[in-house]
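Q: Need a 3D model of the sequence below.
(chains A and B)
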Amino acid sequence: MLRFAPSPTGDMNIEDLRIALFNYIIAKQKNENFIVRIEDTNKEKNIEGEDQRILGLLELFGLEYSQVVYQTQNFRFHSAMALDLLHNKKAFNCFCSDEYLEKKQKEAQEEQKTYRYDDACMNLPPELVIDNEHPFRVRIKRPTSPIVFKDYIRGEVNFSIEDMESFTILNMDKTPTQNFASAVDDMLNDISIIVRKEEYIEDTPKQIHIRNELNYQKEIVYAHLPAIKNAKDFTIKTLLEDGFLPAAISNYLVLLGNETPQEIFTLSEAIDWFNIEKIAPSSIEFDLEKLKKINQEHLKMLDNKELSRYVGFADASIGALAKVYLQDIATTKELRSKIEPIFAKKTIPQELQKEVKLLKETINQATHFEEFEDFKNYLLKKTAIEEKKLLESLSILLTGFKDEKNIQEVYKHLKNYLGEIIK
RNA sequence: GGCCCCUUCGUCUAGCGGUUAGGAUCCAUGGUUUUCAUCCAUGUUACAGGAGUUCGAGUCUCCUAGGGGUCACCA
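A: Down below sits the predicted model:
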């Protein structure tokens, strides 16, 4: 089982989506289930409705999940596991005050040493624990042997016992720490491979230690993805609003930091050859220009009717028209800004008013011309406007832009709508 | 500051002891196109720096610099 574990605390960005994408692809390759676990343990930071927005985006990108679980719903399991550890003397109550811990941390900092909890409460005599009225947290005893795990990107990762401390698993209010909850949930959900952000790598030995102490046998293999440096500048929501196709965004996110057989591909193609071990271990930069290029290619691959839907129509000939513009335009938003003016009321510049008016009348009385050349010649003859001016006027009348270069191509797709456009 | 990871054209990458250091994108130029774009061709641009190992180093080792991550009762 693979999982995507977002916290509903902010807009999903490209880094989050990349994680989801990779987990999904691997699940497909291994023929395992892909689930979503909403990590909603922080009540203050949770954003109302964000979970549904995340789920909606996953669906939009075609990342089908078999199940959604909410971490807070597993609290009773987390508590039971913590209790189990306590009974087996693998965890202990810690009565240290925040002030005491902060002081210790500060001291360590001044000495330029790494702070680690000093295990002050680890071996408290029972009577001090049982009758103690002070608030306490629960800590798991630190591991006594090094923890090694396999990471598809980093290779074998090793944490020595000096790197680890007895860390908190239950907060003072007896809610589980996120680390503990995740470790337990991954066990409960029978997770086999975890692709996640690099920032979790220091948590990994802790989570493995928790499962070891709970006598969980299954080995989980990891892939800690290096950061996309400018990820925070790009939320999925804004990329979508800016006219990027989900298929193109997915394409680019799989391409980034990777070596792929082609540059342009679909998600199902990626499933055939994707190899997480090829992802480079160095942090990378997201390049909007490259995404644009890829988006353009995906737009070209769309069939005409589908393409027309992205610009607000459901008509193959509008799609064909859009493809004319696609030669130098990369997003559906830009495409819209070209297509919409065609059917909108045009503002005619002062110097062309006369010509446009004359053109309008002439066209209204004209018969249908199949070829632009014939159409143009007819108008030239009928109106006696000089060619350059005529083309400008015609261009603004049809497209809303005076300097439309591709007027001939545009006409081809527009000729059946002439009446509607110029009225 | 401690610990971990990383460093090849602006960007994303190939390279795995002997290459004119390759590709993609961007940029520039030329051709095509009545014009722009497409398309085609051509071109500029990279091994972070230093020391070592070796007949030979982008590739192995060490040092320096730079980047990323982490050190929470955040996820």
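
Q: which ones are touching A:Gln109?
A: Residues in contact with A:Gln109 (Cβ atoms under 8 Å, 6 or more residues apart in numbering) are A:Tyr115. From N, CA and C alone the C-beta is placed, and that goes for glycine too.

Q: quick one: buried residues of stretch A:261-273?
A: Under the neighbour-count criterion of 16 or more other Cβ atoms under 10 Å, stretch A:261-273 has A:264-265, A:267, A:270-271 buried.

Q: can you check stretch A:307-314 too?
A: For stretch A:307-314, the neighbour count (16+ other Cβ under 10 Å) marks A:307-308, A:310-311, A:313 as buried.

Q: Need the contact partners of it.
A: A:243, A:245, A:299, A:302, A:305, A:315-319, A:322-323, A:332, A:335-336, A:339-340.

Q: Give me the ChimeraX select line for those residues, limited to the buried ones.
A: Burial among these is assessed by 16+ other Cβ under 10 Å; the matching ChimeraX selection reads:
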select /A:243,245,299,302,317,318,319,322,323,332,335,336,339
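
Q: Out of the contacts of stretch A:307-314, list just those in helices.
A: Taking DSSP state H, the ones among the contacts of stretch A:307-314 that sit in helices are A:299, A:305, A:316-319, A:322-323, A:332, A:335-336, A:339-340.

Q: Can you give the domain ranges for chain A?
A: What automatic domain parsing lists as the domains of chain A is A:2-65+A:227-293, A:73-225, A:311-422.

Q: can you list these in a markdown table and add mean pLDDT?
A: Putting the domains of chain A into a markdown table (pLDDT from 0 to 100) gives the following:
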| stretch | mean pLDDT |
| --- | --- |
| domain A:2-65+A:227-293 | 95 |
| domain A:73-225 | 92 |
| domain A:311-422 | 84 |
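
Q: could you redo those domains as a markdown table and give each row distance to RNA strand B?
A: Output for those, formatted as a markdown table (distance: least, Cβ to the nearest atom of the strand, whole Å):
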| stretch | distance to RNA strand B |
| --- | --- |
| domain A:2-65+A:227-293 | 3 |
| domain A:73-225 | 3 |
| domain A:311-422 | 3 |
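
Q: Out of the buried residues of stretch A:307-314, which is nearest to A:Arg142?
A: Set against A:Arg142, the nearest of the buried residues of stretch A:307-314 by Cβ to Cβ is A:Tyr310 (55.4 Å).

Q: A:Glu44 sits in which helix or strand?
A: According to DSSP states H and E, A:Glu44 maps onto no helix or strand at all.

Q: which ones are touching A:Val324?
A: A:406, A:409-410, A:413.

Q: Which single one of those residues is nearest to A:Gln350?
A: A:Val410 (24.2 Å).

Q: Roughly how far does the closest one sit from A:Ala181?
A: 58 Å (Cβ to Cβ, to the nearest Å).

Q: And for A:Ser317?
A: Counting by Cβ to Cβ, the gap from A:Ser317 to A:Ala181 is 55 Å.

Q: So what does A:Arg211 look like in phi/psi?
A: phi -70, psi -40 (degrees, to the nearest 10).

Q: next one: the lengthiest helix in chain A to chain centre, how far?
A: When chain A is parsed with DSSP H, its longest helix is helix A:14-30. Chain-centre distance of helix A:14-30: 10 Å, with Cα atoms, centre = their mean, to the nearest Å.

Q: Only the buried residues of it, if you could.
A: A:14-29.

Q: Could you tell me which other helices and strands it packs against?
A: strand A:2-4, strand A:34-38, strand A:193-197, strand A:221-225, helix A:236-241, helix A:246-255, helix A:267-273 (3 or more Cβ pairs under 8 Å, 6 or more residues apart in numbering; DSSP states H and E).
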